[in-house]
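Asks: Turn this into a model:
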Amino acid sequence: MTPKPFFHASIMTKLIQNVFQALIPKEKKANSRELFKSTASSPLLPCPVRTLPYYYTGMGLLNEFDICSYPSRQMKAFKEKLAEVRTSPSWMKPLMKEASEWNPYSFEGGTTAAIAGDNFAIIASDTRMSQFEVNILTRDAEKIHVLNDSIVLSCAGFYGDVLQLKRLLEARLHKYRFDYRGDMTVDLCAELLSRNLYYRRFFPYYTGAILAGIDENGKGAVFSYDPVGCIEHIAYTASGSAEPMIMPFFDCQIGLVTISGDVELPPLTIDRAISLMKDAFRVATEREVSTGDKIHLVIAESGKPIRKMHLPLRED
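Replies: Predicted structure coming up:
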């Protein structure tokens, strides 16, 4: 059945007035307007003016307003329904709900930590990648990336952003080497990483980055970042799911935050730093399900090549 065309309210009103004018005798035409008003709502009329049939517009029935008295309101209602159909049709509402629940990020668990000494820097991570803390995706995930002979990057968080951040820094380091015929120092790389993270602050890399290495003076350096590029030059740090467990341990053993009195601890040598890193990850593995399988240790020492080692952890 072909739908009735939509007529403007003023046109319909004019047509009805003409019909009444034709039916009224000549002597009463002077008072035709009053007669029209009085008979408009008469129950004897088959279709009174104030109860006109609904007009089909292709988008449903428009019966919110009196089209004879308020044509502007009827047109406003028509435009509102037209805009509603264009912006959010019924078939699109389930898709819009699904899109509102979609999250571009995911957290694959894992933990990284770093310690800086007088002439060394140690950075470590586990190798487990999990999803929702129960589904293990892989037991050999690489979370530590050696950028050059004196700079090491480690990240925990969304693994896609981790890989993208690594590729970005590698490209910048290669360009720096090509332009200046030398490797970038860890201090310059720390500033570069901070600026790149801040550049993406409105859609950030979902990572907890740690940059470690040997500076120009041969000292160990560790830099900690949040996802929007806030940087902190610190002696030790941790990031990831087991950070709340590892940081108190480092505060006690390295920062001496919880020790009162004149208690002397042995100096922070490279062997003691490695031992502390092992103990920290073993403690975290006992209490955090998304950390485990192996410890990946990378040791940067002044005047020596970077060393790597893997140590076992709990695999359950």
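
Asks: show me where the stretch 151-300 of the chain has strands.
Replies: 151-157, 207-214, 220-225, 231-234, 236-240, 294-301 (DSSP state E, counting those that start in this stretch).

Asks: mind putting these in TSV, distance to Arg177 and mean neighbour count included?
Replies: Where C-beta positions appear, they are placed from N, C-alpha and C, glycine not excepted. Below are these laid out as TSV (distance: least, Cβ to Cβ, whole Å; neighbours: other Cβ atoms under 10 Å):
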stretch	distance to Arg177	mean neighbour count
strand 151-157	12	27
strand 207-214	15	27
strand 220-225	20	24
strand 231-234	23	14
strand 236-240	27	26
strand 294-301	18	21
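
Asks: low-scoring pLDDT stretches of the stretch 51-200 of the chain, where are they?
Replies: 51-71, 85-93, 95-102, 133 (pLDDT under 70).

Asks: which residue ranges form the helices in it?
Replies: 71-87, 93-100, 159-180, 186-199 (DSSP state H, counting those that start in this stretch).

Asks: before we move on, the earlier item: out of the strands of the stretch 151-300 of the chain, which is closest to Lys143?
Replies: For Lys143, the closest of those is strand 151-157, at 5.8 Å, according to Cβ to Cβ.

Asks: In its sheet, which strands sit next to that closest one, and in what direction?
Replies: Its sheet considered, strand 151-157 pairs with strand 144-148 (antiparallel), strand 207-214 (antiparallel) by DSSP bridges.

Asks: Can you add distance to Thr138 and give these back as CSV?
Replies: Below are these laid out as CSV (distance: least, Cβ to Cβ, whole Å):
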stretch, distance to Thr138
strand 144-148, 15
strand 207-214, 18
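
Asks: So which of the ones you listed is nearest Thr111?
Replies: With Cβ to Cβ, the closest approach to Thr111 among the strands paired with strand 151-157 belongs to strand 207-214: 9.4 Å.

Asks: and that closest one with helix 186-199, angle?
Replies: With axes from the mean of the first three to the mean of the last three Cα atoms, to 10 degrees applied, the angle from strand 207-214 to helix 186-199 works out at 170 degrees.

Asks: hmm, back to that, tell me which of the helices of the stretch 51-200 of the chain sits most buried.
Replies: helix 186-199 (a mean of 18; mean count of other Cβ atoms under 10 Å).

Asks: What angle do helix 159-180 and that one make with each other?
Replies: Going by the same axes, to 10 degrees, helix 186-199 makes 130 degrees with helix 159-180.

Asks: Name the residues that touch stretch 134-149?
Replies: 108, 110, 112, 123-131, 152-156, 159, 162, 166, 169-170, 173, 183-184, 189, 289, 293-294, 296, 298, 305-306, 315 (Cβ atoms under 8 Å, 6 or more residues apart in numbering).

Asks: tell me which residues of that stretch are tucked away?
Replies: Of all the residues in stretch 134-149, those buried under the rule 16 or more other Cβ atoms under 10 Å are 136, 141, 143-145, 147-148.

Asks: Which one, of the helices of the stretch 51-200 of the chain, ends up nearest to Met277?
Replies: Short answer: helix 186-199, nearest of the helices of the stretch 51-200 of the chain by Cβ to Cβ, at 19.3 Å.

Asks: ok, and what's touching that closest one?
Replies: Helix 186-199 is contacted from outside by 147, 150-151, 153, 165, 168-169, 172-173, 176, 184, 204-205, 209, 211-216, 221, 223, 225, 227-231, 233, using Cβ under 8 Å, 6+ apart.

Asks: Now with 6 Å, please.
Replies: Contacts to helix 186-199, defined as Cβ atoms under 6 Å, 6 or more residues apart in numbering, come from residues 150-151, 172, 211, 213, 215, 221, 223, 229, 231.

Asks: Spatially, which two of these are the most separated?
Replies: Ser150 and Gly229 (21.8 Å).

Asks: who's more crowded, the two?
Replies: Of the pair Ser150 and Gly229, Ser150 is the one with more neighbours under other Cβ atoms under 10 Å, namely 22 against 18.

Asks: what residues are up against Phe120?
Replies: Counting by Cβ under 6 Å, 6+ apart, Phe120 has contacts 220, 270, 301.

Asks: gap between it and Ile214?
Replies: According to Cβ to Cβ, to the nearest Å, Phe120 stands 8 Å off from Ile214.
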